[in-house]
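Trainee: model the structure of this input:
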Amino acid sequence: MSAGKGYGASDTGTEPGQTIAGLPRPSWPEPPRRLDQLPSLTGVWDAELRPGGPLSQLVGPRFAVQATYDEDRHSDADRELLPRVKAWPVLPLIGATLEVVSGDDIAVAMCLLLSKRIPGLDWWVPDHWSAALVKYPIVHHCFSAPPNSITGEAMALEVFGTAERDPETRSIEWMEARIRWWERSSPHVEQPSVVRFPAKFTIEVATYANVAYPGVRVPLYM
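Mentor: Numbers count the residues shown, from 1 in each chain. Take a look at the predicted model:
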C-alpha cells in the first residue's frame, strides 16, 4: 500500500454501480487512491475535527491512523504520509447485518442499509461485491462517498463484514471444487465461493475517510 503503488486499490476509477437515488455515476469527486495524492498537513492535527452534515453526529472519534502503521500493510514511505489520512468510524453501520440470497444481492442490500441507517445522503454503491466472496467469507469494498461538507474533501466509505455461518472452507467438498476449477483454468467458469447462500453478514468496519481503502481495523486476508 505504498504511495507509489496505490493505497489498497488500482487507479481504474469508479466501478459500475449507482447511487441510492438511481444516478449511474456519483455527482461528487472521487477520493484519492494514493497517500501521496492527499494534501500536505497544515496546522496541528485535530483529533476532534468531525465531518459536517448528516454524518456529524453519526461518526465516532477520528482514528489516529498514523498509529496503525504495520510493516506488513504499509511501506516505509507510508509512515510519513499516514498522518494526512482523515478517517472516522460510521457508528450506525457497525454491527448492522446484510441478509442476502446470493452475491448479486449485496449491492441492493447495501443501498437499503445506507438509506435506513444514514438517511439524507445519496450514497453511491458499486454493483460487484463477489471478488472477496470467492476466497473468503467476507464482504469488503471501498467506494466513493459524499464529500466532507466542512473541508470540501472528496471522501470514501470502506466496508468490511464477515459471514455468520461457517463456510467450511477446508471441507473436502470445497477443496475438490477449487481443484476442478483450477484444472479447467477458464475465465468463463465461475470460481466456487466459500460462502453458502442464503447468507448473513455482520458489518464490522465502516470507515469514512479522505482516501480509498484506508484499511483501519480491516484484517489482512489477501
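Trainee: name the helix or strand of this protein that has the lowest mean pLDDT.
Mentor: Averaged element by element with mean pLDDT, DSSP states H and E, the chain has its least confident helix or strand at helix 172-184 (a mean of 67).
Trainee: look at residue 159 and give its secondary structure.
Mentor: Of the three states, residue 159 takes strand under DSSP: H, G, I helix; E, B strand; the rest coil.
Trainee: list the contacts for it?
Mentor: Residue 159 makes contacts with 93, 110, 139, 140, 141, 142, 203, 205, 206, as judged by Cβ atoms under 8 Å, 6 or more residues apart in numbering. Quick note: C-beta positions are derived from backbone N, CA and C, even for glycine.
Trainee: and of these, the nearest to residue 30?
Mentor: residue 142 (11.0 Å; Cβ to Cβ).
Trainee: where does the protein dip in pLDDT?
Mentor: In the predicted model, the chain carries pLDDT under 70 at residues 1-14, 42-48, 165-174, 177-178, 180-182, 184-193, 222.
Trainee: ranges for the strands of it?
Mentor: 17-19, 87-89, 97-100, 124-126, 138-145, 155-163, 199-209 (DSSP state E).
Trainee: helices and strands around the fourth one, which ones?
Mentor: The elements that strand 124-126 packs onto, with contact taken as 3 or more Cβ pairs under 8 Å, 6 or more residues apart in numbering; DSSP states H and E, are strand 17-19, helix 106-117, strand 138-145.
Trainee: paired strands for it, with orientation please.
Mentor: Here strand 124-126 has these sheet partners by DSSP bridges: strand 17-19 (antiparallel).
Trainee: and for the partner strand, what's in contact with it?
Mentor: So strand 17-19 is contacted by 24, 26, 27, 107, 122, 123, 124, 125, 126, 127, 143 (Cβ under 8 Å, 6+ apart).
Trainee: then stretch 116-125?
Mentor: Contacts for stretch 116-125 (Cβ under 8 Å, 6+ apart): 14, 17-21, 23, 25-27, 53-55, 58, 90, 92-93, 96, 107, 110-111, 114-115, 143-146, 157.
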